[in-house]
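Novice: Here you go, sequence then predicted model.
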Amino acid sequence: MIVDNGKYYLYRHIRLDKNEVFYVGIGSKYKQSPYKRAYDYWGRSVLWKRISDKTKYEVEIILESDSLSFIKEKEREFIKMYGRINLQTGTLCNLTDGGEGINNIIVSQDTRDKLKERMQERFKKTGNYGLTFYKGVNHPMSKLTEKQVSEIAELITLNESPKNIAEKYNITISVVYDIKNGHKWANITGFQKKNRSPQSNLTVEDVKKIKKLLEDGVSGRMIAKQINTSVYIVSNIKNKKTWKHIN
């Protein structure tokens, strides 16, 4: 079932500060970017982003196969072997047992309590338990106040480092970029929403910096982490598949 060049693959992320595996996942290979999912930053959990924001990490392709069911089976085996953080059984930030997507998913007691509180508040106002969607600082899970969001927006306009902002307000770097790109609290900051694609977020100055770092021999993984983009995007720039007009 294991082949050298299969349609599907199993991968793991290894945090370098502790030299331990913190995520196991599967991906489908595509012609233009065979291992895109393994290197992708987008679509990851909050816990995964907290870990990746703290430390450098390596991506390792464990095995490949033409059988998706086989890959899912191996994913379950590896997750069980390493154990999950939220089950207090190991080091993985995976939120499920793998294979089918939502097996053994854990909802924290804190989340349950907040949802219960929100539903009770809804019932007092409307007399029913219908769902209400909250945004920004009004969201029950929000860690930031309106004043803090305004302060962060001001620091962003002053070109303060996202890392420094994240540390100051005890949030992840990804939240800072979400604010900067208008994906969160745009009603407070007034920032225009930008496409989430890592390539579309690159400026000409970003590309010039990437090319300079490549000339200096810096690895694609290090550059991607520094510029907050994907290794795939850096590789395309290096191989002159994109941004060819920028020197």
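Specialist: Perfect, I can see it now.
Novice: C-alpha from now on. contacts and neighbour counts both.
Specialist: Noted.
Novice: Distance check, the most centrally placed residue in the chain against A224.
Specialist: With distances taken as C-alpha atoms, centre = their mean, R44 lies nearest the centre of the chain, 3.6 Å away. Going from R44 to A224 by C-alpha to C-alpha, to the nearest Å gives 16 Å.
Novice: again with E146
Specialist: For E146, the distance to A224 - C-alpha to C-alpha - is 31 Å.
Novice: Kindly report the same for D110.
Specialist: 34 Å.
Novice: Neighbour count for those two, which is higher?
Specialist: With neighbours defined as other C-alpha atoms under 10 Å, D110 and A224 compare such that A224 has more, 20 against 10.
Novice: which of the residues in the strand or helix carrying the more buried one are buried?
Specialist: Here A224, judged by DSSP states H and E, is contained in helix 220-227. Using 16 or more other C-alpha atoms under 10 Å as the test for burial, helix 220-227 gives 220-221, 223-225.
Novice: ok, these vs I85, which is closest?
Specialist: K225 (23.8 Å; C-alpha to C-alpha).
Novice: Can you name the next helix or strand after the lowest-mean-pLDDT helix or strand in the chain?
Specialist: Lowest on mean pLDDT, DSSP states H and E among the helices and strands of the chain sits helix 109-126, with a mean of 71. Next helix or strand after helix 109-126 toward the C-terminus (DSSP H and E): helix 146-157.
Novice: Just the CA coordinates for that next one, please, in CSV.
Specialist: Taking Å, rounded to 0.1, in the frame of the first residue of the first chain, the C-alpha atoms of helix 146-157 are listed here in CSV:
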residue,chain,number,x,y,z
GLU,A,146,-12.5,47.7,21.9
LYS,A,147,-9.9,49.9,23.4
GLN,A,148,-7.2,47.2,22.9
VAL,A,149,-8.2,46.7,19.3
SER,A,150,-7.9,50.4,18.6
GLU,A,151,-4.5,50.4,20.2
ILE,A,152,-3.4,47.5,18.1
ALA,A,153,-4.6,49.2,15.0
GLU,A,154,-2.6,52.3,15.9
LEU,A,155,0.6,50.2,16.4
ILE,A,156,0.0,48.5,13.1
THR,A,157,-0.2,51.9,11.3
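Novice: Tell me the helices and strands packed up against it.
Specialist: helix 162-169, helix 173-180, helix 186-189 (3 or more C-alpha pairs under 8 Å, 6 or more residues apart in numbering; DSSP states H and E).
Novice: could you give the angle of the first one to helix 173-180?
Specialist: Angle, helix 162-169 to helix 173-180, by axes from the mean of the first three to the mean of the last three C-alpha atoms, to 10 degrees: 100 degrees.
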